[in-house]
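Student: Give me a 3D structure for the following:
(4 chains)
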There are 2 protein chains.
Amino acid sequence: MPERAVAGGKENSVEIPVESTRERLLNIAEQRFGEGGYEGTSLRAITVAAAANIAAVNYHFGSKEALLRAAVARAMAPVNTERRRRLDQLEAKGDPAAEQLIRAFIEPGLDLVLRRGERGPVVARFIGRVAFDPSQRIRELYAAESDPVEARYLAALQAALPRSTPEAVAFGYVNMLGLLALHQSQALGLEVGEDPAKLAENLIAFLVAAFDRGLRD
Amino acid sequence: MPERAVAGGKENSVEIPVESTRERLLNIAEQRFGEGGYEGTSLRAITVAAAANIAAVNYHFGSKEALLRAAVARAMAPVNTERRRRLDQLEAKGDPAAEQLIRAFIEPGLDLVLRRGERGPVVARFIGRVAFDPSQRIRELYAAESDPVEARYLAALQAALPRSTPEAVAFGYVNMLGLLALHQSQALGLEVGEDPAKLAENLIAFLVAAFDRGLRD
DNA sequence: GCATAGTTCAAACGGACGTTTGAATGAGAG
DNA sequence: CTCTCATTCAAACGTCCGTTTGAACTATGC
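Tutor: All right, here's what the predicted structure looks like:
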């Protein structure tokens, strides 16, 4: 029988919160879906890597797509929370400038997710890949998790750029989403580089300049 | 037996160049791979839509991946040719400005492929999706078809922006590739809009502005 | 006519897929 | 202890996958 450590052991050992099967499945799913995409990753590959029985997926989540949905929701939650927090804070101080809005949108997507520990890049790549998945059904799954807060940013950007047409702002906004997902997914062989914060600064500067002039009358 | 029109009939009928099985397979493969991705599209779906026997794929191409490779090569060829032609022309006139280089890179990718007839958007989406495929092996397949001419553009951009660091130019270059593929693939629900040429102009203006200032010392 | 090379065909190959089943195992409550 | 309920397990389900086979068809040259 496979040994399994138990949470909250009574011995003098340090309390190590061992991942549940459900958590291991979500962690491995993030990694594998981010590497091979949804269609290119089998449940067997996930369950083997997670040291779980293949039936565990349908027991805990119900289906392969439901596993993906749960992984997307878990990965997006802290990003959305941080974006909401920053937007609330900016709007409380008055009308935020475009750069502040861009920063408040990009940094939770790159910084938050790239910084912390080993799993950061895995989560970032997972999010970026799901956002660009070939299947529209998968992309909608991502959109459903991020739409509400994203819509708030779009509206705030419109207000911050009154001299730009709504079409121009929307165009820049789409490009912002795309470039963020691009750098999250590391799809074009771009190395993360020394400092992820520097990547965020570069991307923000790139977008700010483009928003200022990247529109056509 | 399935009727099949023959090219160059001797009767008084108009000469209709009927697509060969090989061409039909490439056309349908472009469409389906562009919709569902490589892993998400089966050879059976392709051969049924192309009214071909499933063994035709392995007869004409050798394997599923070889079919994809042939489709990528065929789709990229005119884009690469046009890019080379424009770059030759620009360099013959002297040192080209960054905007000219960006335009010469973007327009063959968007204009050329979006304009002509019904198949334009299909080819564009196919190229964009392959460039962003979850599998690195597929992405490398795209890169192998476009690397030579792309490298020339990167070098020319470096020369046109002597005040920018090579890292900054490379960063902008990656973003240019990503945004082009994004709009080609129409992945984020962006409607092509009234005039594809307008999309190209908007994207070029967006990139020019970002290249001018989107760098960090 | 016959021979030949190119192409298409139905059928089958072994294997991998997502999902389901029903029994075995585990910890906690009474 | 016994009962209960959540979880894990090996095994199998039917389906679809990419690929292969060998025969049948087609057109062209002799």
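Student: what about residue A:41, which helix or strand?
Tutor: Following DSSP states H and E, one finds residue A:41 outside all helices and strands.
Student: Might you list the low-confidence residue ranges for chain A?
Tutor: A:1-17, A:113, A:115-117, A:187-197, A:214-217 (pLDDT under 70).
Student: Alongside DNA strand C, which residues does chain A contribute?
Tutor: Contact residues, chain A versus DNA strand C (C-beta under 7 Å from any atom of the strand): A:1, A:6, A:41-45, A:54-55, A:57-58, A:63-65. All C-beta spots, glycine's among them, are computed from the backbone N, C-alpha and C.
Student: tell me the SS of the residue nearest the centre of chain A?
Tutor: Chain A has residue A:127 as the residue nearest its centroid, 3.9 Å off, counting by C-alpha atoms, centre = their mean. Secondary structure assignment for residue A:127 (DSSP: H, G, I helix; E, B strand; the rest coil): helix.
Student: Is it in contact with residue A:139, as I believe?
Tutor: No: Residue A:127 lies out of contact with residue A:139 (C-beta atoms under 8 Å); the separation is 11.9 Å.
Student: Now do the contacts for the residue nearest to the centre of chain A.
Tutor: Residue A:127 is in contact with A:72, A:75, A:76, A:79, A:109, A:113, A:142, A:181, A:184, A:185, counting by C-beta atoms under 8 Å, 6 or more residues apart in numbering or on different chains.
Student: Using JSON lines, lay out those residues together with secondary structure and neighbour count.
Tutor: Listed next are the contacts of residue A:127 as JSON lines, based on DSSP: H, G, I helix; E, B strand; the rest coil; neighbours: other C-beta atoms under 10 Å in any protein chain shown:
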{"residue": "A:72", "secondary structure": "helix", "neighbour count": "23"}
{"residue": "A:75", "secondary structure": "helix", "neighbour count": "23"}
{"residue": "A:76", "secondary structure": "helix", "neighbour count": "23"}
{"residue": "A:79", "secondary structure": "helix", "neighbour count": "23"}
{"residue": "A:109", "secondary structure": "helix", "neighbour count": "25"}
{"residue": "A:113", "secondary structure": "helix", "neighbour count": "26"}
{"residue": "A:142", "secondary structure": "helix", "neighbour count": "22"}
{"residue": "A:181", "secondary structure": "helix", "neighbour count": "24"}
{"residue": "A:184", "secondary structure": "helix", "neighbour count": "25"}
{"residue": "A:185", "secondary structure": "helix", "neighbour count": "22"}
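Student: what's the closest of these to residue A:210?
Tutor: Distances from residue A:210 to the contacts of residue A:127, taken as C-beta to C-beta, are shortest for residue A:181 (16.2 Å).
Student: Please list the residues of chain A that sit near DNA strand D.
Tutor: Within chain A, the positions adjacent to DNA strand D are A:2, A:20, A:21, A:22, A:52, A:53, A:54, A:55, A:56, A:59, A:60 by C-beta under 7 Å from any atom of the strand.
Student: can you tell me which of those are in helices?
Tutor: By the criterion of DSSP state H, membership of the residues of chain A next to DNA strand D in helices covers A:21, A:22, A:55, A:56, A:59, A:60.
Student: Surely the second one and residue A:60 touch.
Tutor: Yes: between residue A:22 and residue A:60 a contact is recorded at 4.8 Å, counting by C-beta under 8 Å.
Student: Closest one of the contacts of residue A:127 to residue B:36?
Tutor: Of all the contacts of residue A:127, residue B:36 sits closest to residue A:142, with 16.7 Å by C-beta to C-beta.
Student: show me the contacts for the nearest residue to residue A:130 once chain neighbours are set aside.
Tutor: In space, residue A:130 comes closest to residue A:142 once its chain neighbours are excluded; the distance is 4.6 Å by C-beta to C-beta, 6 or more residues apart in numbering or on different chains. By C-beta under 8 Å, 6+ apart, the contact set of residue A:142 is A:72, A:76, A:127, A:130, A:131, A:133.
Student: can we see that at 6 Å?
Tutor: By C-beta atoms under 6 Å, 6 or more residues apart in numbering or on different chains, the residues touching residue A:142 are A:72, A:130, A:131.
Student: roughly how far apart are it and DNA strand C?
Tutor: Going from residue A:142 to DNA strand C by C-beta to the nearest atom of the strand, to the nearest Å gives 19 Å.
Student: Repeat that for residue A:156.
Tutor: For residue A:156, the distance to DNA strand C - C-beta to the nearest atom of the strand - is 39 Å.
Student: Helix or strand: which one has that residue?
Tutor: Here residue A:156 sits within helix A:136-160, counting by DSSP H and E.
Student: Can you list the buried residues in that helix?
Tutor: Within helix A:136-160, the residues scored as buried using 16 or more other C-beta atoms under 10 Å in any protein chain shown are A:138-139, A:141-143, A:145-146, A:149-150, A:152-154, A:156-158, A:160.
Student: Tell me how far residue A:156 lies from DNA strand D.
Tutor: According to C-beta to the nearest atom of the strand, residue A:156 and DNA strand D sit 41 Å apart.
Student: Can you tell me, leaving aside adjacent residues, what's nearest to that residue?
Tutor: residue A:101 (5.3 Å).
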